[in-house]
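[1] how does the following fold in three dimensions:
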Amino acid sequence: MPRDDSSDIPADIRTMTFERALEDLEEIVRRLESGEVSLEESIATYTRGTQLKRHCEAKLESAREQVERIELRGGTVTAVPIQPD
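    The predicted model follows:
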């Protein structure tokens, strides 16, 4: 479960859609793997990448929670995926 600590995620990332954040994260991975950036830039880029990753994880968790419902079956509480009509 992703930690709920968005205070250190910049506002520009917090307002991104999942798709945009994932695109940016993929670009960061490409740049870091290419070796095109200096050590200092690599560290800053890596930090931004971890922020994007946490944002994506939070978006996915939120989506998962929205497509589950809680049911009580035989005295047991269970999360059940919502089936589309």
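[2] how about the most centrally placed residue in the chain: what's its closest non-neighbour residue?
    By CA atoms, centre = their mean, the chain has its centre lying nearest to Cys56, at 1.5 Å. Nearest non-adjacent residue to Cys56, counting by CB to CB, 6 or more residues apart in numbering: Ala21, 5.2 Å away. C-betas here are computed from N, CA, C, even on glycine.
[3] residues contacting Val80?
    Glu68, Arg69, Ile70, Glu71 (CB atoms under 8 Å, 6 or more residues apart in numbering).
[4] now swap in Leu25 and tell me
    By CB under 8 Å, 6+ apart, the contact list for Leu25 reads Gly49, Leu52, Lys53, Cys56.
[5] mind checking which helix or strand it is in?
    Secondary structure from DSSP states H and E places Leu25 in helix 18-34.
[6] so for that helix, mean pLDDT?
    Regarding helix 18-34, the rounded mean pLDDT is 97.
[7] name the next helix or strand downstream of that helix, please.
    Assigned by DSSP H and E, the successor of helix 18-34 is helix 39-66.
[8] sorry, back to before: buried stuff in the helix holding Leu25?
    Buried residues in helix 18-34, defined by neighbour count with 16 or more other CB atoms under 10 Å: Ala21, Leu22, Asp24, Leu25, Ile28.
[9] give me the nearest residue to the third one, chain neighbours excluded.
    Looking back up the chat, that one is Asp24. Using CB to CB, 6+ apart, the nearest residue to Asp24 is Leu52, at 5.6 Å.
[10] the one you found touches Ile28, doesn't it?
    Yes: between Leu52 and Ile28 a contact is recorded at 7.0 Å, counting by CB atoms under 8 Å.
[11] quick check, pLDDT for Gln83.
    69.
[12] can you name the farthest residue from the center of this protein?
    Gly74 (34.8 Å).
[13] for that residue, grab phi and psi.
    phi 50, psi 40 (degrees, to the nearest 10).
[14] also Val67?
    The phi/psi pair for Val67 (degrees, to the nearest 10) is phi -100, psi 20.
[15] how close does Tyr46 get to Glu61?
    Note on Tyr46: its distance to Glu61, by CB to CB, to the nearest Å, is 23 Å.
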